[in-house]
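Q: prediction below, plus the sequence it came from.
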Amino acid sequence: MSLDATLARIDADLPAALDRLMALLRIPSISTDPAYADKCQQAADWLVEDLQSLGIAAEARATPGHPMVVGHVEGDGPHVLFYGHYDVQPVDPLDLWDRDPFDPAIEETAKGKVIRGRGSSDDKGQLMTFVEACRAWKAEHGSMPCRITFFFEGEEESGSPSLIPFLKENKEELKADIALICDTGLFESRVPAIMTQLRGLLGEEITLTGPDKDLHSGMYGGVARNPIRVLSRILANLHDDNGHIQVPHFYDGVPELSDEMTAQWEALNFDHGTFLGDVGLSKPAGEQDRSALEMIWSRPTAEINGIIGGYTGDGFKTVLPSKATAKVSFRLVGQQDPHALREHFRAWVRAQLPEDVSVDFHGHGASPASQMQTTHPAFESARSVLGAEWGHEAAFTGCGGSIPVAGYFKSILDMDTMLVGWGKDDDQIHSPNEKYDVESFHKGIRSWARILDAIR
Ligand code: BES
Ligand code: ZN
């Protein structure tokens, strides 16, 4: 049976596929907030039922956190594992949303139809592109294109605390010839991208304490040590005037880009003016001796994600605070070791503390960067068929974000990963008014049908 018939079925079934996605988007599966634990379970159960309706043996497996959905279906040819995550980011600030984040809708915009709602792009819409491709294939052929293991996580957005133990405990069951992950985007919102490297991530929360209670800033100001002042100075010291990170040993294990990669990336003609212009900016603000694409894909970063301290409510209060906190994250590349870096960072902070200030550190996630092995034939198969769908030849690219599971597939299951996805730069993932273009969803489903047809 021909690929064309499967593609035609996908086209005809699009309204129903959108309805199914809407049902999944209505479940507020915010993994980081314990108040939504039952909603995460509900999203997992919804997926299990949907997979079962395709004749896939699927179940929600309990973990100490949110369940993992695992499903298997037999078939000939290669064995692929498909990974996506059904959990979503919190929705705050809620007042910046134009609609209820969990009451999704199709909206007409100047750039076409979009699916608006939390998780539409990251990652429920993307996850469902694969499931819908399998549904159409099954309907057309009566069986699946190849042997497939479905693996959906519910804790990706909150540091994947249950993932490593789960992979270790279910090694034999989960190992396939290759993993496919749909959690990334198109290059410049147009060009199908197969991402060959991901940055790692290290999270640190630091709390400085000065006086043992909040004080009147007139009575004590000037004589008492202010922890916000100390914290601001430390944070300002993270970078020098050229954007280089000043934590000792930070650059240990950071490789230079190979000549081959440099040439590949230059050929992409990345337009950083548009990329930054779309978010109201103009000038690349990272390491000043690097190209914008290097800043996003192949260079490590230190970013301050949040600062808490003193009086932040309406009006004004003359307080000299007892405590000040910052959340800092580092994107890692090459062989940078997240655990060693955590210690270097903490030592660097401690060395800058004046008298009467103490520090508490709270560590968040720590995952290394990963480099994909592109020699598996699936890479060439995918590259060769994606152009027909998108009107642009597919490119091998880097990725600024982090998807730690890809590294664990390699280190724990000895399985390579191919990352492809259909998100666009303006999807506003993790932000208010997240959306996924209907085009991304529709062509994404068709793309998976083409990829499965090519690799089976
Ligand atoms: N889907 C994103 C990763 C991503 C972001 C890929 C941008 C391509 C472009 C993923 O869900 C995510 O947000 N990951 C987190 C890391 C996680 C450990 C919290 C990230 O990158 O911050
Ligand atoms: Zn994601």
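A: Perfect, I can see it now. Ligands and ions are numbered 1, 2, ... in the order given.
Q: and residue 95, how many residues sit next to it?
A: When neighbours are counted by other C-beta atoms under 10 Å, residue 95 registers 6. All C-beta atoms are positioned from the backbone trio N, CA, C, and that covers glycine.
Q: torsion angles phi and psi at it?
A: Recorded main-chain torsions at residue 95 are phi -70, psi -10, according to degrees, to the nearest 10.
Q: any weak-confidence spans in the stretch 151-300 of the chain?
A: Applying pLDDT under 70 to the stretch 151-300 of the chain flags no residue at all.
Q: next up, phi/psi of residue 115, please.
A: The phi and psi values for residue 115, taken as degrees, to the nearest 10, are phi -100, psi 110.
Q: not counting sequence-adjacent ones, nearest residue to it?
A: Using C-beta to C-beta, 6 or more residues apart in numbering and skipping residues adjacent in sequence, the residue nearest residue 115 is residue 436, 4.7 Å away.
Q: is ligand 2 within reach of the one helix or strand that neighbour maps to?
A: Using DSSP states H and E, the secondary-structure element containing residue 436 is strand 435-437. No - legend: contact between strand 435-437 and ligand 2 by C-beta under 5 Å from the ion is lacking; minimum distance shown is 11.8 Å.
Q: if we can go back for a sec, OK, contacts around the residue nearest to residue 115?
A: When contacts are counted by C-beta atoms under 8 Å, 6 or more residues apart in numbering, residue 436 touches 114, 115, 120, 121, 125, 126, 423, 427.
Q: what pairs with the second one across the strands?
A: Counting by DSSP bridges, residue 115 is bridged to residue 106, residue 436.
Q: I figured it was touching residue 444, is that so?
A: No - between residue 115 and residue 444 no contact is recorded; they are 11.6 Å apart, counting by C-beta atoms under 8 Å.
Q: these two: which is more packed in?
A: When residue 115 is set against residue 444 and neighbours are counted by other C-beta under 10 Å, the residue ahead is residue 444, at 27 against 24.
Q: so which bits of the one helix or strand the more buried one maps to are buried?
A: Secondary structure assignment for residue 444, by DSSP H and E: helix 438-455. Burial within helix 438-455, assessed by neighbour count using 16 or more other C-beta atoms under 10 Å, is assigned to 438, 440-455.
Q: and what of stretch 53-65?
A: Residues of stretch 53-65 classed as buried: 54, 56, 58, 59, 60, 63, 65 (neighbour count, 16+ other C-beta under 10 Å).
Q: beta partners of the fifth one?
A: When bridges are assigned using DSSP bridges, the partners listed for residue 60 are residue 69.
Q: which residues touch it?
A: Shown here is residue 60, whose contacts under the criterion C-beta under 8 Å, 6+ apart are 41, 44, 45, 47, 48, 67, 68, 69.
Q: ok, the fourth one next?
A: Contacts of residue 59 were listed using C-beta under 8 Å, 6+ apart, and they are 48, 69, 70, 71.
Q: what's near enough to touch the second one?
A: It stands for residue 69. Listed by C-beta under 8 Å, 6+ apart, the contact partners of residue 69 are 44, 47-48, 51, 58-61, 86, 150-152, 154.
Q: with just CA atoms, put the strand or helix carrying residue 131 into PDB.
A: Counting by DSSP H and E, the element that carries residue 131 is helix 124-141. What follows is helix 124-141 as a C-alpha-only set of coordinates in PDB (Å, rounded to 0.1, in the frame of the first residue of the first chain):
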ATOM      1  CA  LYS A 124       1.500  17.300  23.800                       C
ATOM      2  CA  GLY A 125       0.900  18.500  20.200                       C
ATOM      3  CA  GLN A 126       4.300  17.100  19.100                       C
ATOM      4  CA  LEU A 127       3.800  13.800  20.900                       C
ATOM      5  CA  MET A 128       0.400  13.400  19.200                       C
ATOM      6  CA  THR A 129       1.900  13.900  15.700                       C
ATOM      7  CA  PHE A 130       3.600  10.600  16.100                       C
ATOM      8  CA  VAL A 131       0.600   8.800  17.600                       C
ATOM      9  CA  GLU A 132      -1.600  10.200  14.800                       C
ATOM     10  CA  ALA A 133       0.800   9.000  12.100                       C
ATOM     11  CA  CYS A 134       0.600   5.500  13.600                       C
ATOM     12  CA  ARG A 135      -3.200   5.700  13.800                       C
ATOM     13  CA  ALA A 136      -3.400   6.600  10.000                       C
ATOM     14  CA  TRP A 137      -0.800   3.900   9.200                       C
ATOM     15  CA  LYS A 138      -2.800   1.200  11.100                       C
ATOM     16  CA  ALA A 139      -6.100   2.300   9.500                       C
ATOM     17  CA  GLU A 140      -4.500   2.100   6.100                       C
ATOM     18  CA  HIS A 141      -2.400  -1.000   6.400                       C
END
